[in-house]
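1. quick one, structure for this:
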Amino acid sequence: MTQMLPEPANVDAPPPSDERQTVGVSQGRLILRRFLSNKIAVVSGILFILLALFSISAIGIGPIPGWWKYDYTSLNPQNDGGAPTLSLWPLSFGDHPFGQDRIGIDYFAMTMRGIQNSILVMVIISLVGTAVGTIIGALAGYYRGWLDAVLMRITDVFIVIPVIVIGAVVGRATGGLGVVPLAFFLAMVSWTTIARLVRAEFLSLREREFVEAARVAGASDARIIFKHILPNAIGVVIVAATLLAASAILLETALSYLQLGVRPPDVSLGLIISDNQSAFQTRPWLFWWPAVFIVALAVLVNFVGDGLRDAFDPRQKRFSLRRTKEQAAPSTTAPASVQGRVHPETPSS
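-> Numbers count the residues shown, from 1 in each chain. Now for the predicted structure:
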């Protein structure tokens with residue numbers, strides 16, 4: 001009996017392309033690669049940056065003037081009842097592309113100022129709220145015991161009370177101080193979700209071998225928390241901070257709409273809608289322009305947050321029928337060389 005055996009595999013053959021791509025690549029590069037592969041998140045991040053830069057360059061910031069000839073406080077003669085002069089084809093801004101309000105203020109300048117304030121509040125709330133929530137969650141998850149119980153009961157108190165109610169009280173007390181103090185005080189009540197997530201990560205990571213090795217080596221608690229555990233939980237922190245930024249935009253808009261946030265003479269997108277809601281039937285552009293930018297800012301930040309979540313957690317991959325078929329093809333279809341090879345049992349002569 002003779003049998004034709006398959007040829008031995010070439011041990012010197014290079015590894016598959018997927019393995020060659022992952023060998024020697026750092027975790028940061030893998031995360032960046034996964035994020036860049038999410039086209040919706042990348043485009044959303046670019047559009048958000050462009051929108052922020054456009055609003056800053058249009059009316060300036062602080063003492064730096066912008067290229068737009070009107071500001072958000074000056075009164076101007078009304079043209080054609082304050083109707084918008086924007087023309088899409090051919091593209092032309094005109095004197096007042098977004099129109100004018102009932103007293104003649106340029107609505108384009110007001111909207112750009114509202115975008116600036118919304119982004120400023122979003123940045124402050126996300127940074128300060130993330131810092132406070134990370135510190136509280138890290139201390140509670142690492143030390144546990146009575147400190148964990150006290151910090152989590154304080155967190156529960158803030159969670160039970162609706163954020164809009166706390167924000168209304170804060171806005172009533174600090175609305176006249178300006179946008180920055182309002183954002184800082186709102187950040188003090190927006191850290192609860194991040195604290196919960198960080199605490200859960202620390203409870204899991206504090207029992208790992210590398211933490212035990214750091215303790216044996218004599219590392220202090222502060223070094224273990226900030227040098228060993230926190231870098232391994234940074235993915236959860238970044239994703240939670242991005243989602244907090246989107247909710248911060250809506251929180252500030254709601255408070256300003258209720259006249260509890262930004263106060264005149266400053267401008268906010270929610271305040272613009274609140275001041276012009278009575279003119280919705282006669283001059284709808286006074287409502288639609290700030291509403292469009294509120295939705296755009298929130299949606300863009302949410303898309304970026306979804307992309308970061310998928311990048312830091314590769315287990316949450318979207319289902320792709322084409323990728324599934326491509327992966328299943330090698331296992332269901334044998335190569336041509338194998339299909340054409342026959343292994344008959346021939347009788348010996």
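
2. gap between the residue at minimal distance from the centre of the chain and residue 233?
-> By CA atoms, centre = their mean, the chain has its centre lying nearest to residue 242, at 2.9 Å. Taken as CB to CB, to the nearest Å, the spacing of residue 242 relative to residue 233 amounts to 15 Å. Glycine gets a C-beta too; all of them are placed from N, C-alpha and C.

3. what is the mean pLDDT for stretch 153-163?
-> Throughout stretch 153-163, pLDDT has a mean value of 85.

4. buried set for that stretch?
-> 155, 163 (16 or more other CB atoms under 10 Å).

5. and if you look at stretch 214-221?
-> By 16+ other CB under 10 Å, the buried positions in stretch 214-221 come out as residue 214.

6. please save the CA atoms from that stretch in PDB.
-> Written as PDB, here are the backbone C-alpha positions of stretch 214-221 (Å, rounded to 0.1, in the frame of the first residue of the first chain):
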ATOM      1  CA  ALA A 214       4.800  47.300  42.000                       C
ATOM      2  CA  ARG A 215       3.700  46.900  45.600                       C
ATOM      3  CA  VAL A 216       6.500  44.400  46.200                       C
ATOM      4  CA  ALA A 217       9.000  46.700  44.600                       C
ATOM      5  CA  GLY A 218       8.000  49.400  47.200                       C
ATOM      6  CA  ALA A 219       6.100  51.800  44.900                       C
ATOM      7  CA  SER A 220       3.900  54.300  46.700                       C
ATOM      8  CA  ASP A 221       0.100  54.300  46.300                       C
END
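
7. residue 159 contacts residue 192, correct?
-> Yes: counting by CB atoms under 8 Å, residue 192 is a contact partner of residue 159 at 5.0 Å.

8. helices or strands up against the helix or strand hosting residue 140?
-> Using DSSP states H and E, residue 140 sits in helix 107-143. In this structure, helix 107-143 makes packing contacts with helix 39-59, helix 145-160, helix 179-187, helix 192-205, helix 234-257, helix 269-275, helix 285-312, judged by 3 or more CB pairs under 8 Å, 6 or more residues apart in numbering; DSSP states H and E.

9. what angle do that helix and helix 285-312 make?
-> Angle, helix 107-143 to helix 285-312, by axes from the mean of the first three to the mean of the last three CA atoms, to 10 degrees: 30 degrees.

10. buried residues of helix 107-143, list them for me.
-> By neighbour count on 16+ other CB under 10 Å, the buried set for helix 107-143 is 107-122, 124-126, 128-130, 132-142.

11. least confident secondary structure element in the protein?
-> helix 17-22 (a mean of 45; mean pLDDT, DSSP states H and E).

12. quick one: residues in contact with stretch 89-103.
-> Residues from elsewhere that reach stretch 89-103, judged by CB atoms under 8 Å, 6 or more residues apart in numbering: 70, 75-76, 78-79, 82-87, 106-108, 110-111, 275-276, 279, 283, 285-286, 289.

13. start and end of that stretch, how far apart?
-> 29 Å (CA to CA, to the nearest Å).

14. do the same with stretch 215-222
-> 11 Å.

15. what about stretch 242-253, average pLDDT?
-> What stretch 242-253 shows for mean pLDDT is 87.

16. just the C-alphas of that stretch, formatted as CSV.
-> Output of stretch 242-253 as CSV, limited to C-alpha atoms (Å, rounded to 0.1, in the frame of the first residue of the first chain):
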residue,chain,number,x,y,z
THR,A,242,-16.1,62.5,24.8
LEU,A,243,-19.6,61.5,25.6
LEU,A,244,-19.7,63.9,28.5
ALA,A,245,-18.8,66.7,26.1
ALA,A,246,-21.9,66.0,24.0
SER,A,247,-24.2,66.0,27.0
ALA,A,248,-22.5,69.3,28.2
ILE,A,249,-23.6,71.1,25.0
LEU,A,250,-27.2,70.0,25.5
LEU,A,251,-27.1,70.9,29.2
GLU,A,252,-25.8,74.4,28.5
THR,A,253,-28.4,74.9,25.7
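
17. having no further points to raise, I will conclude here.
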